[in-house]
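J.: Model the structure of this input:
(one chain, ligands or ions: 1)
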Amino acid sequence: MPDLHMAVCMKVVPKPEEIRVDPETRTLLREGARSEINPPDMNALEMALSIKDEAGGRISLISMGPPFVEEYLRVGLAMGADDAYLLTDRAFAGADTLATTYTLAQCLHKIGDVEVVLLGEESSDGATGQVPPGLAEWMDYPLITLLRSLEIDKEQNVLRGRRNVDGGYEILEVPLPAVISVATAANEPRFMDFERKGWAFEDTQVTMWDAQDLSAESQFIGIPGSPTIVTGLEQAASQERKNIFLDGGASEIADQLVKILRSN
Ligand SMILES: Cc1cc2nc3c(=O)[nH]c(=O)nc-3n(C[C@H](O)[C@H](O)[C@H](O)COP(=O)(O)OP(=O)(O)OC[C@H]3O[C@@H](n4cnc5c(N)ncnc54)[C@H](O)[C@@H]3O)c2cc1C
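T.: Have a look, this model is predicted:
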C-alpha cells in the first residue's frame, strides 16, 4: 500500500495585536507588524504529524504568500513535515478567497497524489473560514470542518473525523481524497525537532512555484480572479466593562440600579 500523502495549508499572518486598518483604503496596514504561522494551521500540522507518527506517511506544506514565508515553512519542516511548496508571484497579490483557493488547488493538482488536505479553521487576519470549503469545491473533494481529531482508514479508503456539537460530539466519515479543517486549539503543537533543524533550515529546498509553474489562468488569480469588494469599514463598539459602585440602603441601591438599567 503506498504511503499516505497529506498536505497542510499554512498561512503566514501578521500578529493580530500589531495590525492596523487604513480607514481610507480599507486595507490592512501590515508594515511593521511581525508575522507568525496562523495558529490553527499549527493545530492542522500537529494533527498530520500525529497521524504520521502512528501510521507513517508523508506531509507536504503549502503556502501562498511573499518570499519571506519560506522561513516559516522551514519551521514546519523542522517540526516533522517532509516537503514545502511556496506559491509566490506578484500576480497572486490581492487574492480574495476565490483566487486563493484556485491557486492552492492548482498546486494540489500539480503535486498530484495528496489524499488528505488539512487546513486551519480560519486565519487570524482575513478570518473568513472560506478557504477550506472553497478548496474542496475546486478539487471536488468531500469536506469536514472544525475537526478535533482524525483517523485514517487506508483499508476502507476513508477518513473519520470527530468534532464537537452542542452537548456532545459527532463522528463523520468521508471517502479519500478529502479536505478537512482543524478546530483552533484541537491539540498542542509540538516544538521543532532540533535534530531536524539543520536539514530544515540549511540542507533542504523549499519548492517555489509561480503562476506559470502552476499553469494558472490569469483571470482566476490575484486581483482579476477576486470578485470580493470591501464596501464599508466601521470601528466595532467598545466592549469595555464599567464598574459603578452604588451607595445607600438596599431600596435606595435598587432604585439607582433600575434607573441605570433603564437609561442604557
Ligand atoms: C474583505 C477582505 C478583503 C481582502 N483584501 C485583500 C487584499 O486586498 N489583498 C490581499 O492580499 N489580501 C486581501 N484579503 C485577504 C485574503 O482574502 C486572504 O488572505 C485569503 O483569501 C485567505 O482568506 P482568509 O484569510 O479568510 O482564510 P480562511 O478561510 O479564514 O483560512 C482558513 C485556512 O485556509 C488556509 N489558508 C488561507 N490562506 C492561505 C494561504 N495564502 N496559503 C496557504 N493556506 C492558506 C489556512 O490553513 C487557514 O487556516 C482580504 C480579505 C478579506 C476578508
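
J.: Every contact and neighbour count from this point should use C-alpha atoms.
T.: OK.

J.: Contacts only, for E115.
T.: By CA atoms under 8 Å, 6 or more residues apart in numbering, E115 lies in contact with 4-6, 176-178.

J.: ok, and of these, which contact the ligand?
T.: By CA under 6 Å from any ligand atom, no member of the contacts of E115 lies near the ligand.

J.: Close to the ligand: what parts of the stretch 1-150 of the chain are there?
T.: 9-11, 40-41, 62-65, 93-97, 100, 119-123, 125-132.

J.: that older thread, output the contacts of E115 as JSON lines; include the columns pLDDT.
T.: Output for the contacts of E115, formatted as JSON lines (pLDDT from 0 to 100):
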{"residue": "L4", "pLDDT": "95"}
{"residue": "H5", "pLDDT": "97"}
{"residue": "M6", "pLDDT": "98"}
{"residue": "L176", "pLDDT": "97"}
{"residue": "P177", "pLDDT": "97"}
{"residue": "A178", "pLDDT": "98"}
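
J.: Can you lay out these as TSV showing secondary structure and neighbour count?
T.: Converted to TSV, those look like this (DSSP: H, G, I helix; E, B strand; the rest coil; neighbours: other CA atoms under 10 Å):
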residue	secondary structure	neighbour count
L4	coil	18
H5	strand	19
M6	strand	25
L176	coil	19
P177	coil	21
A178	strand	21
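
J.: Name the nearest of those residues relative to the ligand.
T.: M6 (13.1 Å; CA to the nearest ligand atom).

J.: give the contact list for that closest one.
T.: So M6 contacts 48, 57-60, 114-118 (CA under 8 Å, 6+ apart).

J.: Checking L159 next. Helix, strand or coil?
T.: When classified by DSSP: H, G, I helix; E, B strand; the rest coil, L159 comes out as strand.

J.: Setting the sequence-adjacent residues aside, check what's closest to it.
T.: I152 (4.6 Å; CA to CA, 6 or more residues apart in numbering).

J.: tell me which element the one you found is part of?
T.: strand 149-153 (DSSP states H and E).

J.: Adjacent strands (with direction) for that strand?
T.: Sheet pairing of strand 149-153 (DSSP bridges) gives strand 158-165 (antiparallel).

J.: mean confidence score for the strand it pairs with?
T.: For strand 158-165, the mean per-residue pLDDT is 96.

J.: same thing with stretch 87-106?
T.: The predicted confidence, averaged over stretch 87-106, sits at 97.

J.: Buried ones in that stretch, by neighbour count?
T.: Within stretch 87-106, the residues that count as buried by 16 or more other CA atoms under 10 Å are 87-89, 92-93, 95-106.

J.: Filter those residues down to the ones in helices?
T.: 97-106 (DSSP state H).

J.: from the residues you listed, which is closest to E188?
T.: L104 (25.9 Å; CA to CA).

J.: so how far is K154 from the closest one?
T.: Computed with CA to CA, to the nearest Å, the distance linking L104 and K154 is 25 Å.

J.: P14 now?
T.: Taking CA to CA, one finds P14 at 38 Å from K154.

J.: Compare those two (neighbour count), which wins?
T.: P14 (21 against 15; other CA atoms under 10 Å).

J.: so how far is V8 from that one?
T.: Applying CA to CA to P14 and V8 gives a distance of 19 Å.

J.: likewise D213?
T.: In terms of CA to CA, D213 sits 20 Å off from V8.

J.: more crowded one of those two?
T.: Taking other CA under 10 Å, D213 and V8 do not tie; V8 has more neighbours (28 against 12).

J.: tell me the pLDDT at that one?
T.: Taking V8 on its own, its pLDDT is 98.

J.: go on, R30?
T.: pLDDT, read off for R30, is 75.

J.: show me what contacts it?
T.: 14, 18-20.

J.: how close does the residue in the stretch 151-264 of the chain that the ligand sits nearest to sit to E24?
T.: At 5.0 Å from the ligand, V230 is the closest residue in the stretch 151-264 of the chain, using CA to the nearest ligand atom. Counting by CA to CA, the separation of V230 from E24 is 12 Å.
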